[in-house]
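K.L.:
coords please:
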Amino acid sequence: MRERGYPTQNILVACDFDLIFVYASAGWEGSFHDNTIFKRVECNPRYQFPQPKEGKFYFVDAGYPNKPGFLAPYKGYKYHQADFRQGRRIIGDDKELFNRAHSLCVAVSSGLSGFSRIGSPLLHVCLWYSLKTQVQIVLSAMAFHNFIRRDRDQEDDLFPPVERQREYVFQDLPDSDPTREDREDMPQYGVLDDENDPYMNSVRNNIREQ
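P.N.:
This is a model prediction of the structure:
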């Protein structure tokens, strides 16, 4: 997809609690919905997606289904960080409280994707390259990010603020994607209720009650 005169891409990324990228699938057309990419990557062995171990799960945003191995927020409730920070409304109930905690976890991976130490300056430049080169730049930036992260002998100034604060907020990270939200309101693009698994709905409810 070409936007503002240059090609754009959507990237599926997973990271762990050590702020390490554990998986990335880049080069998807920018207009592809997150759930469309997720289905193709998870179901096709070709993409070698690392499935979570039994009893474990990834935190995923509202663009993905709530299914075994993937914990999504409650849809239709306040979720984006800006809604909580700006005090538009107090937390209405335990589902919004769950969403707030969930959003903070997802924001870390989103922040790493867009503002990794190596990736940040490169992402502003790579838009003017071909899509093939863009993919190589993005994946290389993630590899360098992991290398820096794992070099514990020399601490990089990107990571300590994230590690030391219980609720770290990426100041430059957009709180919402209006385009994505519009798509999620449309059944043909969003995540349908029947894609949410009863077992994971129960797991989510148990976490919320705790």
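K.L.:
Would you mind measuring from Asn206 to Asp94?
P.N.:
12 Å (C-beta to C-beta, to the nearest Å). For every residue, glycine as well, the C-beta is placed using N, CA and C.
K.L.:
okay, those two: which has more neighbours?
P.N.:
A direct count of neighbours by other C-beta atoms under 10 Å for Asn206 and Asp94 places Asp94 higher, at 13 against 9.
K.L.:
Helix or strand: which one has the closest residue to the more buried one other than its chain neighbours?
P.N.:
Spatial nearest neighbour of Asp94, chain neighbours left out: Arg208 (5.3 Å); criterion: C-beta to C-beta, 6 or more residues apart in numbering. If you go by DSSP states H and E, Arg208 is part of helix 198-209.
K.L.:
helices and strands around that helix, which ones?
P.N.:
Counting contacts by 3 or more C-beta pairs under 8 Å, 6 or more residues apart in numbering; DSSP states H and E, helix 198-209 packs against strand 70-71, helix 94-115.
K.L.:
What residues sit buried inside stretch 141-151?
P.N.:
Ala141, Met142, His145, Asn146, Ile148, Arg149 (16 or more other C-beta atoms under 10 Å).
K.L.:
With secondary structure, distance to Gln134 and pLDDT added, can I get the residues you listed in TSV?
P.N.:
Shown next, in TSV, are the buried residues of stretch 141-151 (DSSP: H, G, I helix; E, B strand; the rest coil; distance: C-beta to C-beta, whole Å; pLDDT from 0 to 100):
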residue	secondary structure	distance to Gln134	pLDDT
Ala141	helix	11	85
Met142	helix	13	86
His145	helix	17	82
Asn146	helix	19	86
Ile148	helix	21	81
Arg149	helix	23	80
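K.L.:
Tell me the one of those residues nearest Ser25?
P.N.:
Taking C-beta to C-beta as the measure, Ser25 lies nearest Met142 of the buried residues of stretch 141-151, at 11.2 Å.
K.L.:
Spell out, range by range, the helices that occur in the chain.
P.N.:
Assigned helices in the chain, in chain order: 34-43, 81-85, 94-115, 119-125, 131-150, 160-164, 178-184, 198-209 (criterion: DSSP state H).
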